[in-house]
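**Q** What follows is a predicted protein model with its sequence.
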Amino acid sequence: MKDFNVIKKVVLSLTLLGLVFTSCSDDNEAAEPENEVQDVLEVQRSAEIDQIDNILGDLIVDAYEEQELDVADRGTYTRDIPDCVTITIVAQQGYRQVTLDFGTDGCMVRGHLIKGQIVFDYTRDLDAQQIAINYNLIDFYFDDKNIIASRSIIKELSNGNGNPQFTHDLSITVIWPNGAQASREGTRIREWIEGYGSGIFSDNAFEITGNWTATFVNGNTHTYEVIVPLRREVICYYFVSGSFDVQRTNFGGLFDYGEGNCDNQATFTFNNGTEIPITLN
């Protein structure tokens, strides 16, 4: 009888232990999809920062190029900045400060409501091969996302391919309306491959390379490296092609914008080969 009681206790203990392991396994299985959703959400948010970077870059480059035209050429230059943006220039000997004011109510720019100001300055030097353009964002909002940045762009008049090139400092913080937040650090090289000198900004195309790190408010950090140059056509809200590698502890994959279509569709392929569609905002 004593032996039977011992066996009974052992069986009961093993049963309870089995339940514990089953419960832990179930919890892990439930957590994995939740973690995957969080990872994909962070990748999507990073893609939103790409959009913001693209349009900020477009606006500054467009306004800068217009300022650097001869007076006679400015009358024929077709800029891509809408009339609802107020542009103010402070010109001194060899120096320019340009303010793009989108107002407190906002201005629609390529399908996005932008509020606040972009203020940039640079020193003119017609003989210089590189020009530093420094800019600040003041009370700046992009589709209700608060954007905080004080950055620089280095313009190279002619790179190894004979094209103008802009090297962007990517120091930026984005705060979403729901309190989500991400910061980005790194470098992006933007080569002007089509349309330079045509006098029509909307026919321009750029190829973008570089690497950067995005840090989210929950402490997650993603590293990004462009694998296939990202093609940016000014007439499209999104990258039309190209891919970049994304890596984080226990997570990673390839984000791909496709083969040239102007749409809001992309794909993300996890390191294990699982591919999911991504719809860009």
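**A** Great, that's in hand. Numbering: from 1, shown residues only.
**Q** alpha carbons only for contacts and neighbour counts from here, please
**A** Noted.
**Q** Export only the CA atoms of stretch 190-203, formatted as PDB.
**A** Presented in PDB, the C-alpha positions along stretch 190-203 are these (Å, rounded to 0.1, in the frame of the first residue of the first chain):
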ATOM      1  CA  ARG A 190      21.100  60.000 -52.900                       C
ATOM      2  CA  GLU A 191      22.500  60.000 -56.400                       C
ATOM      3  CA  TRP A 192      20.600  62.100 -59.000                       C
ATOM      4  CA  ILE A 193      20.500  59.700 -62.000                       C
ATOM      5  CA  GLU A 194      17.800  61.300 -64.200                       C
ATOM      6  CA  GLY A 195      16.400  64.700 -65.000                       C
ATOM      7  CA  TYR A 196      19.200  66.900 -63.600                       C
ATOM      8  CA  GLY A 197      19.400  70.200 -65.500                       C
ATOM      9  CA  SER A 198      16.100  69.700 -67.300                       C
ATOM     10  CA  GLY A 199      14.400  72.600 -65.500                       C
ATOM     11  CA  ILE A 200      11.500  70.300 -64.500                       C
ATOM     12  CA  PHE A 201      11.800  68.800 -61.000                       C
ATOM     13  CA  SER A 202       9.000  66.200 -61.500                       C
ATOM     14  CA  ASP A 203      11.000  64.200 -64.100                       C
END
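**Q** ok, and for it, which residues are buried?
**A** By neighbour count on 16 or more other C-alpha atoms under 10 Å, the buried set for stretch 190-203 is 190-193, 196, 199, 201-202.
**Q** Which members of these are the farthest-apart pair?
**A** 190 and 199 (19.1 Å; C-alpha to C-alpha).
**Q** From the buried residues of stretch 190-203, which land in strands?
**A** Secondary structure from DSSP state E places 190-193 of the buried residues of stretch 190-203 in strands.
**Q** gap between the residue lying closest to residue 175 once chain neighbours are set aside and residue 46?
**A** Of all residues not flanking residue 175 in the chain, residue 181 sits nearest, at 4.5 Å (C-alpha to C-alpha, 6 or more residues apart in numbering). Distance, residue 181 to residue 46, using C-alpha to C-alpha, to the nearest Å: 11 Å.
**Q** So which of these two has more stuff around it?
**A** Neighbour count, other C-alpha atoms under 10 Å: between residue 181 and residue 46, residue 46 has more, with 22 against 17.
**Q** in the protein, which helix or strand is least confident?
**A** Lowest on mean pLDDT, DSSP states H and E among the helices and strands of the chain sits helix 71-74, with a mean of 52.
**Q** need the helices for the stretch 1-150 of the chain, in chain order.
**A** Taking DSSP state H, counting those that start in this stretch, the helices of the stretch 1-150 of the chain run over residues 2-68, 71-74.
**Q** Those helices: lowest mean pLDDT?
**A** Here the lowest mean pLDDT among those goes to helix 71-74, at a mean of 52.
**Q** Flag the shaky bits of the chain, pLDDT-wise.
**A** Residue ranges of the chain with pLDDT under 70: 1-36, 38, 70-78.
**Q** Please tell me how far the residue nearest the centre of it sits from residue 166.
**A** Among the residues of the chain, residue 50 comes closest to the average C-alpha position under C-alpha atoms, centre = their mean, at 1.8 Å. As judged by C-alpha to C-alpha, residue 50 and residue 166 stand 16 Å apart.
**Q** what's the spacing between the residue nearest to residue 156 when sequence neighbours are not counted and residue 259?
**A** Of all residues not flanking residue 156 in the chain, residue 130 sits nearest, at 4.6 Å (C-alpha to C-alpha, 6+ apart). Residue 130 sits 33 Å away from residue 259, taking C-alpha to C-alpha as the criterion.
**Q** okay, these two: which has more neighbours?
**A** Neighbours were counted for residue 130 and for residue 259 using other C-alpha under 10 Å; residue 130 has more, 16 against 13.
**Q** For the stretch 101-250 of the chain, just list every one of the strands.
**A** 107-109, 112-123, 130-142, 145-148, 150-156, 165-169, 172-175, 181-194, 205-216, 221-233, 241-248 (DSSP state E, counting those that start in this stretch).
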